[in-house]
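Engineer: sequence? don't have it. structure:
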């Protein structure tokens with residue numbers, strides 16, 4: 001991984017690193033997870049990372065941005081409304097490295113059990 005330190009890191013690399021780290025820490029983690037909302041005839045969504053509990057219930061959505069300079073929160077609001085599940089952001093390479101700790105703090109602060 002350190003060989004990439006001097007290279008540009010795009011959305012895919014940041015998301016892949018976060019996904020890999022989360023797979024080692026949580027029971028069920030899916031990338032590019034699709035959800036539908038057919039009852040309203042609206043398009044669903046493709047979630048960057050979805051974390052499920054041991055009973056395969058969706059518990060947390062993670063949206064990944066390649067840069068810490070991204071301040072958008074609109075997707076998180078939409079995805080939470082769509083699924084009824086909280087959504088957090090991981091922004092940039094450093095947060096992708098620290099994602100397990102960030103997620104554990106996020107779920108602890110909100111009383112989420114995974």
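Structural biologist: That came through fine. Given the structure is predicted, the values throughout are model-derived calculations rather than measurements. Residues are numbered from 1 along each chain as shown.
Engineer: run a quick neighbour tally on residue 94.
Structural biologist: Applying other C-beta atoms under 10 Å, we find 11 other residues in the vicinity of residue 94. No exception for glycine: its C-beta is placed from N, CA and C like everyone else's.
Engineer: so it versus residue 14, what's the distance?
Structural biologist: According to C-beta to C-beta, to the nearest Å, residue 94 and residue 14 sit 10 Å apart.
Engineer: got it, and residue 26?
Structural biologist: Distance of residue 26 to residue 14, given as C-beta to C-beta: 18 Å.
Engineer: which of those two has more neighbours?
Structural biologist: It is residue 14, of residue 26 and residue 14, that has more neighbours when counted by other C-beta under 10 Å, with 24 against 20.
Engineer: now do the SS call for that one.
Structural biologist: The three-state assignment at residue 14 reads helix, by DSSP: H, G, I helix; E, B strand; the rest coil.
Engineer: how about the contacts made by it?
Structural biologist: 64, 65, 66, 90, 92, 93, 96 (C-beta atoms under 8 Å, 6 or more residues apart in numbering).
Engineer: 7 Å instead, please
Structural biologist: 64, 66, 92, 93, 96 (C-beta atoms under 7 Å, 6 or more residues apart in numbering).
Engineer: before I go, just wanted to say thanks for your time.
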